[in-house]
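>>> okay, sequence plus prediction incoming.
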Amino acid sequence: MNPVRLWEKNGLAGLGALGILLLAASPGWAVPYHVAAAGSDAADGRSPETAWATLDRVNAAELAPGDSVLFRRGDRWRGRLRARSGDETAPVTYGAYGEGEKPVLMGSVAKNRPEDWVDLGNGVWSTLPPRADGPELLRPSGDGASPGWRLHTEGGASARMTGDDGGLRVECAAPGTAGSHIQCYTASFPVRQGAVYRLSFRARSSAPVMLEAPTLMRSGPPWSSYGAAGAHPSFSVGAAGGVFTCYHTAFQTAEDARLTFFLGTVLPAGAALSLEALSFRECAADGFLVNDVGNIIFDGEQSCGVKVWEPGDLDAPGEYWYDEAAHVVRLVSPANPAALHTEIECAVREHLIDQGNRHHVVYDGLALRYGAAHGIGGGNVHHITARNCDISWIGGGDQMGGDKTVRFGNGIEFWGTAHDCLVERCRLWEIYDAALTNQSGGPKTPQRNITYRYNVIWNSEYSFEYWNRPEASETENIRFEHNTCFDAGSGWGHAQRPDPSGRHLCFYTSPARARGIVIRGNIFRGALGNAFYAPTWPREALDALEMDRNCWWQPEGDLVSVDGQRYPMAAFDDYRRDYAKEPHSLTAEPGVENAAARDYRLTSDSPCVDAGDAPAAETDFEGVPVPQGAAPDIGAHERRKSL
């Protein structure tokens, strides 16, 4: 490992070699940790020879500002990466080491073996349900002196609990105004990071209630979460009762976990809730589907499945339905799917990188694929950089669960409060929703200083999506510059959407105060819908957009749909006149080397050569210095000049 290069990536190259050597001798010297498929989680990770092996070990690491986690090129991992924060002195970096292809993080579960499938008849096959084989973690219930379930009330709520080895009963005399005002919780037990646990129980209630799954959490202050329940579990419980099951994934290893039912706003006065046959056990790690499956990718991306919402809709080969109660997929297939396909990847609804509430993080040189939520996602972030990453075959998962049927999934999303973020030199393709986006639903959200530059995007429903709500929110200095965007709406998800769109710029209703939104120096070629879509934006909002030096090409349909007006490409001059936009932009074939092979470098006669103005960075997508000629080129690639 070259320590000088590591510090260059972390923005500390200005220290010089002597400064780095002095830092190396200090207690605060940054540590490069290594991860390899053939490594060992028992190792220290500090060299390629002592590399860690799993994402669970990476997620458990207590990283400090300046530390880096380097994945071995050519290797693959399955699961979710949970980012750690750096600080203003140095970021935490997730990168790569060695030679070969980018290291791959996959959000899918493989179902390639014949034994992964069971024949349900009538041409429908199912994956296997989770199998709980760990020891029982819940102790018998009893009174306050026993090691079993306990009851806590506060905030004026009143309830009492009785129980025996068979179960427990909570009688509510007065409800609370918050769920925490009545808590029914277990004694502590151990959990293991990355493990999935099955909770099962019988429940009945004297009054109809909607019982939320209990929270897996720490037993003492600060009462933080230790895990999450999948598939948005809540249970309708009445006098007849029923048997219920849900699954929890542990985020960390701990000895002091507990389950807590928050009942303060669930039980009305006079209601009695009985819980019986309570069991909480670890499941066998045999690749079950704990969350919704948003896509099935067959045979190295040769084809994909078609999601349906009801089992009765399973009619044609390739259609599948995810049973969120049983955590299985049912797939229409004329024979065992594993006999017909060499690879079957079930993309699970989780962000491949979860960066919620993180800051000062760098992702450099990673490949993310086959996730059914976002490639990189999570709200309330700042000082995030994604550089040189490949993100593909993302999204399609059920966002809400239950009766709501909304699919989602972006390549990189900055949700909620976000500032000082950069995405550069990345490739993004086959994204269900937007390749790149910053968006928020309020209530009072600032988004500022976010730059997307020199990225290459194709076959995504939207190349760039933006909106911020409500009016109390604010957007400032969002720059989308020198990106190459091809074939919006030509990806895997377009035909499966309830709202097939195909837009390069998709700007939904966005009443937030906005200034400094710049769309400049980009190639937008081919969209099945509109290349630029902002139909509900008022004139004053459109006037605030800074747009110029772009190359547009869409000979069919409406190129622009703004403010209730539509303009085909032939009327681009009318659009420019009506909205005083893009005086130096082009409507022309951009001229690339081989679009079919995804080689988007400019040809020598491309109209985009020398057609830009100010460069967005010193180097382009491939590291070529900008400019090479009299002015920067339009798009992500700067054409090299002959010596």
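Arrived safely.
>>> those strands in the stretch 51-200 of the chain, which residues are they?
Using DSSP state E, counting those that start in this stretch, the strands assigned to the stretch 51-200 of the chain run over residues 68-72, 76-78, 81-82, 92-97, 104-106, 108-110, 117-121, 124-127, 150-153, 158-164, 167-174, 182-185, 189-191, 196-205.
>>> by contact count, what packs against the third one?
Secondary-structure packing of strand 81-82 (3 or more Cβ pairs under 8 Å, 6 or more residues apart in numbering; DSSP states H and E): helix 55-60, strand 353-354. (Each C-beta comes from the backbone N, C-alpha and C, glycine too.)
>>> about what we covered before: would you convert the strands of the stretch 51-200 of the chain into JSON lines that also reports mean pLDDT?
Shown next, in JSON lines, are the strands of the stretch 51-200 of the chain (pLDDT from 0 to 100):
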{"stretch": "strand 68-72", "mean pLDDT": "98"}
{"stretch": "strand 76-78", "mean pLDDT": "97"}
{"stretch": "strand 81-82", "mean pLDDT": "96"}
{"stretch": "strand 92-97", "mean pLDDT": "98"}
{"stretch": "strand 104-106", "mean pLDDT": "98"}
{"stretch": "strand 108-110", "mean pLDDT": "97"}
{"stretch": "strand 117-121", "mean pLDDT": "97"}
{"stretch": "strand 124-127", "mean pLDDT": "98"}
{"stretch": "strand 150-153", "mean pLDDT": "96"}
{"stretch": "strand 158-164", "mean pLDDT": "91"}
{"stretch": "strand 167-174", "mean pLDDT": "95"}
{"stretch": "strand 182-185", "mean pLDDT": "96"}
{"stretch": "strand 189-191", "mean pLDDT": "95"}
{"stretch": "strand 196-205", "mean pLDDT": "94"}
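>>> what's the domain layout of this structure?
If you go by automatic domain parsing, the domain ranges for the chain are 31-106, 110-130+296-346, 150-282, 364-643.
>>> can I get those in JSON lines with distance to residue 137 and mean neighbour count?
Supplementary listing: those in JSON lines, determined by distance: least, Cβ to Cβ, whole Å; neighbours: other Cβ atoms under 10 Å:
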{"stretch": "domain 31-106", "distance to residue 137": "19", "mean neighbour count": "19"}
{"stretch": "domain 110-130+296-346", "distance to residue 137": "16", "mean neighbour count": "17"}
{"stretch": "domain 150-282", "distance to residue 137": "4", "mean neighbour count": "18"}
{"stretch": "domain 364-643", "distance to residue 137": "25", "mean neighbour count": "21"}
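>>> right, so of these, which gets closest to residue 356?
Taking Cβ to Cβ, domain 364-643 is the member of the domains of the chain nearest to residue 356, at 3.1 Å.
>>> what bits of the stretch 501-643 of the chain have low per-residue confidence?
Counting by pLDDT under 70, the ranges of the stretch 501-643 of the chain that qualify are 642-643.
>>> and the strands in it?
Using DSSP E, counting those that start in this stretch, the strands of the stretch 501-643 of the chain run over residues 503-507, 513-520, 523-527, 532-534, 546-548, 551-553, 558-562, 565-568, 586-587, 592-594, 599-602.
>>> one more: the stretch 201-350 of the chain?
In the stretch 201-350 of the chain, the segments counted as strands under DSSP E, counting those that start in this stretch are 209-212, 215-218, 227-229, 234-237, 242-250, 254-262, 272-282, 293-298, 303-304, 306-307, 319-323, 328-332, 344-348.
>>> swap in the stretch 351-500 of the chain?
Along the stretch 351-500 of the chain, the segments classed as strands by DSSP E, counting those that start in this stretch run 353-354, 359-364, 367-371, 376-377, 379-387, 390-394, 397-398, 407-408, 412-424, 427-440, 446-453, 456-468, 474-481, 484-488.
>>> show me what the first one is packed against.
Taking 3+ Cβ pairs under 8 Å, 6+ apart as contact, the helices and strands that strand 353-354 lies on are strand 81-82, strand 376-377.
>>> turn the ones you listed into CSV, columns for distance to residue 432.
Below are the helices and strands packed on strand 353-354 laid out as CSV (distance: least, Cβ to Cβ, whole Å):
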stretch, distance to residue 432
strand 81-82, 20
strand 376-377, 13
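>>> which stretch among these approaches residue 357 most closely?
Each of the helices and strands packed on strand 353-354 was scored for nearness to residue 357 using Cβ to Cβ, and the closest is strand 81-82 (10.9 Å).
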